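Trainee: Need a 3D model of the following:
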Amino acid sequence: MSEVNEMREIKRIVVHHTGREKGTAESIRSYHVDVLGWRDIGYHYIIEKDGKLRLGRPDEMIGAHVKGKNRDSIGVAVMGNYEDYEFVFMGYFMASPQARALYSILKDLAHRYPDAEVVTHGELAETLCPGQNVQAWIDKWR
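Mentor: Below is the predicted model:
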């Protein structure tokens, strides 16, 4: 079975945090490929601490970010541990670069996949991901 399916239906956009303060999209990719043995990074999009949006897997490729829920979802991860640290979004222009980037990619994905629901990893599986502070931000954003 091919991992790439141009016609796959997207039902969920799943928000994650990486749980680590240090690192880059490439270090996450290296861990996923070299250590875990995956074909590519598990997420479709990664937002680094400085707000730079990095592409992971193409949208058409099934991700590896929520066990049993990848076939019909897109994974978006923010770098950092937001169980412990605040995720600041106090209005669009006063937000951290990372929060602004998450806001922008979620709006873009909602436009491209209008029937998809924005959820968090913790709403689909027993995990602290994306951390209580990103969870609170998503609850307000929705």
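Trainee: what about residue 11, neighbour count?
Mentor: Neighbouring residues of residue 11 were enumerated by other Cβ atoms under 10 Å; the total is 15. All C-beta spots, glycine's among them, are computed from the backbone N, C-alpha and C.
Trainee: Quick check: closest non-adjacent residue to it.
Mentor: Nearest residue to residue 11 in three dimensions, chain neighbours excluded: residue 72, at 4.3 Å (Cβ to Cβ, 6 or more residues apart in numbering).
Trainee: What distance do you get for that neighbour to residue 113?
Mentor: Distance of residue 72 to residue 113, computed by Cβ to Cβ, to the nearest Å: 10 Å.
Trainee: okay, and for this structure, where does confidence drop off?
Mentor: Along the chain, the parts satisfying pLDDT under 70 run over 1-6, 85-95.
Trainee: Pick out the residue nearest the middle of it.
Mentor: Nearest to the mean C-alpha position of the chain, counting by Cα atoms, centre = their mean, stands residue 76 at 1.5 Å.
Trainee: That one: what secondary structure?
Mentor: Using DSSP: H, G, I helix; E, B strand; the rest coil, the structure places residue 76 in strand.
Trainee: quick revisit: what residues are up against the residue nearest to residue 11?
Mentor: For residue 72, the contacting residues are 8, 9, 10, 11, 12, by Cβ atoms under 8 Å, 6 or more residues apart in numbering.
Trainee: Quick one: those as CSV, columns for distance to residue 121 too.
Mentor: Putting those into CSV (distance: Cβ to Cβ, whole Å) gives the following:
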residue, distance to residue 121
8, 19
9, 20
10, 16
11, 15
12, 10
